[in-house]
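Colleague: Structure for the following, please:
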Amino acid sequence: MIKYIKLLGLIFGVVVMDVLLFSPGFIGLEFGGGAFTTALSVTFLFGSVMAIFYGSYTLLFRQPVVLSVKNIETHEDYMEALSFYRRIKVLEEDITLGLSQLSRMKKKKETLLNVLNQRFDPEELSYKKFASVTLEVEKLLYLNIRSVLNRLNVFDEAEYASLMKSKSATLPQKLFQEKTKVYNDYLSYVKNSLHSNEEILLKLDQLMLEISRLDSFEAGDIEQMPCMQEIDQLIKHTKLYRQ
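Modeller: The predicted model follows:
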């Protein structure tokens, strides 16, 4: 849908430019004037046609280039990199879920920081503790998405489809089972990482709820909040698991 909107925007821009160039009320280029004016008119008209053709090809037909995981830095980078793998049919729902998680993480982080700004001074220890754990949780979610992207980068969709289609018709049973296990491990890892992200998002919701319920508390009480303890355990467990 986005690519069609971009294409319409390109066409609209070219049309507006041509109106300005060829309208008598503006620049007023024409083909019946002098040699220079005619050549200029032909050049701009040819350029307009080429811009539309090239734009249509780029937006509708050219295969997108996958963004290297090591170059991913921003939220938009993660969205772009993950969107590339929507073409993998067997993982289409998982990729959609991952994109949803990225969007929800961004929104929840902004909401939580807004709540903290309303309740605390940024220099307060309470603010810094809550903000710090929020950033840690965000890093954890992005880390899971990065790991998913690393798996997707080496996932051979064509071979997987061929394997599922053949159903061991041309392969020895043992080899077929081993190859199937490898691909099932890919799929399981992706799903498990996304399930972990859902848990992360749930913990943030619980944290916001706990903060909203508190009328007053000391900074030293923060570590004793049930949700803070659960988040701390989640972070420690994930870091240990990835070592």
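
Colleague: Can you give me the neighbour number for residue 129?
Modeller: 17 (other CB atoms under 10 Å). C-beta: built from backbone N, CA, C; applies to glycine.

Colleague: ok, now the one 3 residues further on?
Modeller: A count of nearby residues for residue 132, using other CB under 10 Å, gives 10.

Colleague: Tell me the buried residues in the helix or strand hosting it?
Modeller: Here residue 132 is covered by helix 125-153, with elements defined by DSSP states H and E. Going by neighbour count (16 or more other CB atoms under 10 Å), the buried part of helix 125-153 is 126-127, 129-131, 133-134, 137-138, 140-149, 151-152.

Colleague: One more: stretch 225-238?
Modeller: 225, 227, 228, 231, 234, 235, 238.

Colleague: For the third one, which non-adjacent residue is closest in space?
Modeller: Spelled out, that is residue 228. Spatially, and ignoring its direct neighbours in sequence, residue 228 is nearest to residue 222 (5.9 Å; CB to CB, 6 or more residues apart in numbering).

Colleague: mind listing what residue 164 touches?
Modeller: Contacts for residue 164 (CB atoms under 8 Å, 6 or more residues apart in numbering) come out as none.

Colleague: pLDDT at it, what is it?
Modeller: pLDDT, residue 164: 76.

Colleague: For it, pull up the helix or strand it's in.
Modeller: With DSSP H and E as criterion, residue 164 is part of helix 157-166.

Colleague: Give the buried residues for that helix.
Modeller: Within helix 157-166, the residues scored as buried using 16+ other CB under 10 Å are 160, 163.

Colleague: re earlier: share the number of residues neighbouring the residue nearest to residue 228, please.
Modeller: 18.

Colleague: Does it touch residue 129 like I think?
Modeller: Yes: using CB atoms under 8 Å, residue 222 makes contact with residue 129 at a distance of 5.0 Å.

Colleague: Helices of the chain, residue ranges please.
Modeller: In the chain, the segments counted as helices under DSSP state H are 2-22, 35-60, 75-83, 92-119, 125-153, 157-166, 173-213, 226-242.

Colleague: Would you convert the ones you listed into a markdown table that also reports distance to residue 69?
Modeller: Shown next, in a markdown table, are these (distance: least, CB to CB, whole Å):
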| stretch | distance to residue 69 |
| --- | --- |
| helix 2-22 | 23 |
| helix 35-60 | 24 |
| helix 75-83 | 7 |
| helix 92-119 | 14 |
| helix 125-153 | 5 |
| helix 157-166 | 18 |
| helix 173-213 | 14 |
| helix 226-242 | 15 |
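
Colleague: about what we covered before: and which of the buried residues of stretch 225-238 is nearest residue 83?
Modeller: residue 238 (24.7 Å; CB to CB).

Colleague: contacting residues for the most centrally placed residue in the chain?
Modeller: The C-alpha lying nearest the average C-alpha coordinate of the chain belongs to residue 79 (CA atoms, centre = their mean; 1.2 Å). In this structure, residue 79 makes contact with 99, 102, 103, judged by CB under 8 Å, 6+ apart.

Colleague: Nice, that's everything, thank you.
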